[in-house]
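Enquirer: sequence first, predicted model second:
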Amino acid sequence: MQKPVSKEAIYEAAEALSNWGRWGQEDQLGTINHVTPADIVAAAGLIRRGKVFSLGLSLKEKIQSGLFGVRWNPVHLMLATGTDAVAGNQTSPNLQYADDSISMPCQGSTQWDALCHVFLDGKMYNGYSAALVDSLGGRKLGIEHMRNKMVGRGVLLDIARWKGLSWLEDGYGITSSDLNECAKAQGVEIRKGDFVIVRTGQQERCLSQANWTGYAGGDAPGLAFETAHWIRDKDIAAICADTWGCEVRPNETNEAYQPWHWVVIPVIGISMGEIFYLKELAEDCAIDKVYEFFFVAPPLHLPGGAGSPVNPQAIK
């Protein structure tokens with residue numbers, strides 16, 4: 001029987017699952033180290049049809065509802081327009097053009113968490129001090145270290161469809177058994193160095209109902225705390241989901257906020273992809289029964305970033 005989640009359980013898991021020092025005392029990559037050049041070459045061989053799926057949610061979706069911190073919805077602002085050009089309002093007589101800008105938190109939509117995103121007792125992954133993240137960004141473990149690393153074999157675990165549901169209920173904790181049984185039913189093997197993407201269907205519920213209430217920071221289906229052991233045992237490269245925070249909410253304990261995060265990022269050192277758009281990929285996988293694909297999702301080259309927007313691609 002699974003032990004109840006508590007601070008004691010968190011620290012027990014941290015001790016048992018730590019990857020600190022596994023790739024050397026200076027390592028800043030964590031579980032991305034599991035991906036080898038040979039893995040990338042093999043993953044490229046999964047491209048059979050040349051069908052590309054974008055896993056990035058539209059930046060026009062207003063998913064941030066004020067339930068967490070200071071994150072706001074992306075703001076797209078036009079700096080120059082065609083209407084300006086037609087009206088003769090552009091200052092250059094030799095060029096008519098459109099130009100624009102965007103303002104958003106690095107984690108305001110589909111994004112990667114960097115390894116400097118979450119701390120445990122003032123420490124980051126591999127024992128780096130949290131004080132190394134200051135007003136100028138992370139001097140260690142910034143997202144820039146992943147700018148040429150997020151490539152390899154992707155695997156979709158469509159938990160909602162496997163259970164015969166359009167979406168899982170908020171508060172449903174996906175267990176290690178769920179992950180294993182879903183993979184078995186889909187006929188796909190989870191391998192070392194995989195990018196594992198979990199579909200709960202929650203995002204699609206919000207899209208279909210045009211209602212994002214609670215999506216950012218509210219109750220959600222997601223990975224149960226005990227799956228931290230599954231992640232470590234499988235030695236996967238990264239874990240991603242269609243939810244705001246990957247792990248189940250409400251929290252499984254009153255003693256910690258986001259207890260799964262306490263272990264997976266600063267202790268295991270795994271990069272986490274959140275708010276992934278999975279509808280079209282999942283529908284295609286359900287048709288052709290192929291749940292593995294070439295995955296590429298480089299973050300922006302943002303030195304010191306605690307996260308980065310991304311438009312991931314799954315190619316079959």
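Expert: Thanks, I have the structure now. Residues are numbered from 1 along each chain as shown.
Enquirer: residues of the helix or strand of the chain with the lowest mean pLDDT that come out buried?
Expert: Ranking every helix and strand in the chain by mean pLDDT, DSSP states H and E puts helix 82-87 at the bottom, with a mean of 89. Neighbour-count burial for helix 82-87, counted by 16 or more other Cβ atoms under 10 Å, picks out Asp84. C-beta here means a position set from N, CA and C on the backbone, and glycine is covered the same way.
Enquirer: quick one: end-to-end length of stretch 161-178, please.
Expert: 12 Å (Cα to Cα, to the nearest Å).
Enquirer: and after the least confident helix or strand of the chain, which helix or strand comes next?
Expert: Sequence order places strand 99-103 as the next helix or strand after helix 82-87, per DSSP states H and E.
Enquirer: so how far is the helix or strand following that next one from its chain's centroid?
Expert: Scanning forward in sequence from strand 99-103 by DSSP H and E, the next helix or strand is strand 111-113. Relative to the mean C-alpha coordinate of its chain, strand 111-113 is positioned 5 Å out (Cα atoms, centre = their mean, to the nearest Å).
Enquirer: could you list every helix and strand that strand 111-113 packs against?
Expert: strand 271-274, strand 307-309 (3 or more Cβ pairs under 8 Å, 6 or more residues apart in numbering; DSSP states H and E).
Enquirer: deepest of those strands, which one?
Expert: strand 271-274 (a mean of 25; mean count of other Cβ atoms under 10 Å).
Enquirer: for Lys7, phi and psi?
Expert: phi -60, psi -40 (degrees, to the nearest 10).
Enquirer: doesn't Glu252 make contact with it?
Expert: No. Between Lys7 and Glu252 there is no contact, the gap being 11.9 Å when judged by Cβ atoms under 8 Å.
Enquirer: looking at the helices and strands packed on strand 111-113, which is nearest to Asn94?
Expert: For the helices and strands packed on strand 111-113, proximity to Asn94 was assessed by Cβ to Cβ; strand 307-309 is nearest, at 33.9 Å.
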